[in-house]
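Colleague: can't give you the sequence, but here's the structure:
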DNA sequence: TAAGTGTATTATATATATTAGTACACTAAA
DNA sequence: TTTAGTGTACTAATATATATAATACACTTA
């Protein structure tokens, strides 16, 4: 569920937090589900418990998880966060598309990419 | 031409290299044009010459500039690099759009963004 | 010759990331 | 009650990356 990329320039705690953010936002980890314990995940990834602890502290501060004393950390209700994340993704895409435009990427190319990604027998809305 | 963002998490040498990459790829700095000298840019930005040197070393290694002993650094011919960068941007956009799709961003939303960005009285190709 | 280039070297300071070890309070189950 | 498993907090040590500082040398141009 969680993997570490030691080639990445991102610190471990950030990689871990990022991964959980994605899993939670996409509903792979549903609200009220228990998170892996700090110690067990540390063993599984062969890294220090403090590093997991740091990742969880950020996730809690951001509202992705909540702790229960003596029991563990649990996935929070993230409907509000999901909408925020959606807006952020759209803004990032806009910036990237604009950069591409300046590098000569045409409108048609972008449309092609989108059509390909959304052409999977789904309702095109 | 070059600005430093001390709020950014990116190291100075990387900010500087990034900025020059963009300027060179977009043709703002044309091939054979002389780059600011290590020392003069260091004074202008009020940072250490070694930091500029480090940025230039990366740019040279990547083929954006070339040094001439005793004279300075000069902008290289980057037509090949530009194509590579273009491909990279397109690939990044694809990843981002795919993430957005998983977060519920619709095809229509992306099309709207693209139409807005490309609607500037330009030839729509 | 003098001033301006790139380049290399060494040392130092600082911040960050990570590991390591320990400790305490709490919960749940045997 | 005891035991094992939780989160949380703290200090210390270490490694690495970043940036500054101070020189030094070879080269080019005027």
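Modeller: Everything's here; your move. Just so we're clear, the structure is a prediction, and the values are computed from it rather than from any experiment. Residues are numbered from 1 along each chain as shown, chains lettered A, B, ... in the order given.
Colleague: residue A:59 belongs to a strand, doesn't it?
Modeller: No: applying DSSP: H, G, I helix; E, B strand; the rest coil, one finds residue A:59 to be helix, outside a strand.
Colleague: interface residues of chain A facing chain B?
Modeller: For chain A, the contact set with chain B under C-beta under 8 Å from any C-beta of the partner chain comprises A:25-26, A:82, A:85-86, A:89-90, A:92-94, A:96-111, A:113-115, A:117-118, A:124-125. In short, each C-beta sits where N, CA and C put it, glycine included.
Colleague: of these, select the buried ones using a PyMOL command.
Modeller: Per 16 or more other C-beta atoms under 10 Å in any protein chain shown, the buried members of those correspond to this PyMOL selection:
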select buried, chain A and resi 25+82+85+86+89+90+93+94+96+97+99+100+101+103+105+107+109+110+111+113+114+118
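Colleague: in helices, which of the residues of chain A next to chain B fall?
Modeller: A:25, A:82, A:85-86, A:89-90, A:92-94, A:96-102, A:107-111, A:113-115, A:117-118 (DSSP state H).
Colleague: three-state assignment of residue A:74?
Modeller: Once three-state DSSP is applied, residue A:74 turns out strand.
Colleague: quickly note the distance from it to residue A:101.
Modeller: Residue A:74 sits 44 Å away from residue A:101, going by C-beta to C-beta, to the nearest Å.
Colleague: please, which helix or strand holds the residue most central in space within chain A?
Modeller: Taking C-alpha atoms, centre = their mean, the centroid of chain A lies closest to residue A:22, which sits 2.3 Å from it. Element membership of residue A:22, judged by DSSP states H and E, is helix A:12-25.
Colleague: quick check: pLDDT value at the nearest residue to residue A:92 once chain neighbours are set aside.
Modeller: Nearest non-adjacent residue to residue A:92, counting by C-beta to C-beta, 6 or more residues apart in numbering or on different chains: residue B:96, 6.0 Å away. Reported pLDDT at residue B:96 in the predicted model: 96.
Colleague: residue B:96 reaches residue A:91, doesn't it?
Modeller: No: using C-beta atoms under 8 Å, residue B:96 is not in contact with residue A:91; the gap is 10.5 Å.
Colleague: got the residues of chain A near DNA strand C?
Modeller: For chain A, the contact set with DNA strand C under C-beta under 7 Å from any atom of the strand comprises A:11-14, A:47-51, A:54, A:68-71.
Colleague: just the buried ones from these, in PyMOL syntax?
Modeller: The buried residues among the residues of chain A next to DNA strand C can be selected in PyMOL (16+ other C-beta under 10 Å) with this line:
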select buried, chain A and resi 12+13+51+54
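Colleague: restrict the residues of chain A next to DNA strand C to those near DNA strand D?
Modeller: A:49-50, A:68-71.
Colleague: among these, which one sits closest to DNA strand C?
Modeller: DNA strand C lies nearest to residue A:70 out of these, by C-beta to the nearest atom of the strand, at 2.4 Å.
Colleague: how close does the closest one sit to residue A:57?
Modeller: Distance from residue A:70 to residue A:57, by C-beta to C-beta: 18 Å.
Colleague: over to residue A:33?
Modeller: Distance, residue A:33 to residue A:57, by C-beta to C-beta: 19 Å.
Colleague: more crowded one of those two?
Modeller: Ranked by neighbour count (other C-beta atoms under 10 Å in any protein chain shown), residue A:33 and residue A:57 place residue A:57 first, with 14 against 11.
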